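Asks: Pasting a predicted model and its sequence here:
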Amino acid sequence: MNLTKSLEPRGAKFSFKMAIALFAAFTLVACGGSSQSSSPSDSPATGISESANPEVEELEDYSFYFVSETAQGFRLIREVQQVSKAENELGDDKGLNSLTMLVDGQLPPFDGDHRTLWNNGTKVNSVTVADGVATVDLTLGRISFGSESEQRAIDQIVWTLTQNNPDVTAVKFTVDGSVSESLAGHVDFAQTFAPAPSYEVMASVWIDLLDRSDVKNPVSISGSACTFEANVAWELTQSGDVVTSGSTTAKMACPDRSDWSIELGDLAPGNYVLKVSDLSAQDGSVIFEDTKAFTVVS
């Protein structure tokens with residue numbers, strides 16, 4: 001199963017099908033000659049019309065939780081990616097789909113500063129849900145976690161599954177069909193896991209925009225934060241030079257997590273990098289910062 005995104009432009013697929021259809025129509029006319037009449041049902045024009053309709057690509061938004069290093073330790077950070085259902089041969093179980101893509105390690109994060117702790121050969125066998133509790137059955141790969149990374153690996157699955165299947169409120173694990181007391185020797189793997197408070201497991205600030213995205217004017221970029229007094233510092237650079245900087249506030253201060261937005265207005269076409277930071281109220285040191293490159297295309 002191919003779980004990577006296609007980089008082929010949609011127009012290229014359409015043109016290839018059109019070429020095949022035209023070739024087939026030309027062959028039919030050349031072989032049949034003018035002595036044979038054709039009914040409307042088998043006319044070349046009808047064949048071209050039917051073959052030229054490209055398949056509609058069905059894209060779905062999936063929320064994946066990866067890991068970044070912060071001054072507070074390993075923290076989760078979210079990326080919302082659009083995934084082609086047909087291209088990736090996905091079924092209708094969005095929760096199972098999300099874990100298959102995350103745990104199998106075949107859908108890596110867009111941002112090079114993010115990573116998954118599950119790219120270790122582990123496979124998802126099944127996800128069953130009863131009364132809001134999902135049982136995730138795994139076949140484990142080469143597991144090597146410290147205590148903190150083991151907990152964050154579990155959090156990756158719990159948060160990814162609950163965000164993509166709202167019917168799931170908690171998660172239990174089995175290994176090859178049996179309950180296992182430990183994943184890597186540090187966390188009780190036999191317990192039922194509910195999503196921990198976001199301020200305990202999430203990075204304190206992030207940008208929603210996917211890295212290396214194209215944007216149009218006027219440029220508006222949003223994100224999420226849980227910071228002291230809701231403060232979010234930001235800086236926009238181009239080719240390493242600061243274009244502008246400032247600060248904004250999220251809708252609510254920590255311990256509540258809430259959205260923020262920055263209105264950058266009209267920018268000249270080109271490549272930019274936006275950095276947002278959570279700065280310590282005590283000494284101004286960086287608790288965490290997230291950067292995203294983007295291109296203004298018009």
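Replies: Structure received.
Asks: got a list of what V124 touches?
Replies: Applying C-beta atoms under 8 Å, 6 or more residues apart in numbering, we find V124 in contact with 96, 99-100, 103-104, 136-138. Bear in mind the C-beta positions are built from the backbone N, C-alpha and C, glycine included.
Asks: no wait, W118
Replies: Neighbours of W118 in contact, by C-beta under 8 Å, 6+ apart: 102-105, 153, 156-157.
Asks: Among these, find the lowest-pLDDT one for me.
Replies: Lowest pLDDT of the contacts of W118: G105, 74.
Asks: Verify the contact between L76 and Y199 for me.
Replies: No - with contact defined as C-beta atoms under 8 Å, L76 does not reach Y199; the gap is 11.3 Å.
Asks: Of those two, give the one with the bigger neighbour count.
Replies: A count of neighbours by other C-beta atoms under 10 Å puts L76 above the other of L76 and Y199, at 23 against 15.
Asks: Sketch out the low-pLDDT regions of the stretch 51-200 of the chain for me.
Replies: Residue ranges of the stretch 51-200 of the chain with pLDDT under 70: 51-56.
Asks: circling back to that earlier point, in the contacts of V124, find the pair that's most separated.
Replies: Taking every pair in the contacts of V124 and measuring C-beta to C-beta, the maximum separation is 14.0 Å, between D104 and D137.
Asks: Now do the strands in this protein.
Replies: For the chain, the strands defined by DSSP state E occupy 59-70, 73-84, 123-130, 133-139, 170-175, 205-207, 213-215, 219-225, 231-238, 241-249, 258-265, 270-279, 286-296.
Asks: Using CSV, lay out these together with distance to S149.
Replies: Output for those, formatted as CSV (distance: least, C-beta to C-beta, whole Å):
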stretch, distance to S149
strand 59-70, 8
strand 73-84, 6
strand 123-130, 19
strand 133-139, 16
strand 170-175, 16
strand 205-207, 20
strand 213-215, 29
strand 219-225, 23
strand 231-238, 27
strand 241-249, 32
strand 258-265, 28
strand 270-279, 22
strand 286-296, 17
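Asks: closest one to F145 among the ones you listed?
Replies: Of the strands of the chain, nearest to F145 by C-beta to C-beta is strand 73-84, at 10.4 Å.
Asks: for the closest one, which positions count as buried?
Replies: Of the residues in strand 73-84, 74-79, 81, 83-84 count as buried by neighbour count, 16 or more other C-beta atoms under 10 Å.
Asks: Then stretch 165-175?
Replies: Result for stretch 165-175 [16+ other C-beta under 10 Å]: buried residues 165, 168, 170-175.
Asks: coming back round to it: any idea which of the buried residues of strand 73-84 is closest to E235?
Replies: The closest of the buried residues of strand 73-84 to E235 turns out to be I77 (C-beta to C-beta; 18.8 Å).
Asks: Name whatever forms a beta bridge with the most centrally placed residue in the chain.
Replies: Centroid-nearest residue in the chain: Q81, 3.1 Å away (criterion: C-alpha atoms, centre = their mean). Per DSSP bridges, the residues bridged to Q81 are Y62.
Asks: For it, which residues are in contact?
Replies: 5, 61-62, 64, 107, 110, 210 are the contacts of Q81 under C-beta under 8 Å, 6+ apart.
Asks: How much space separates it from V296?
Replies: 22 Å (C-beta to C-beta, to the nearest Å).
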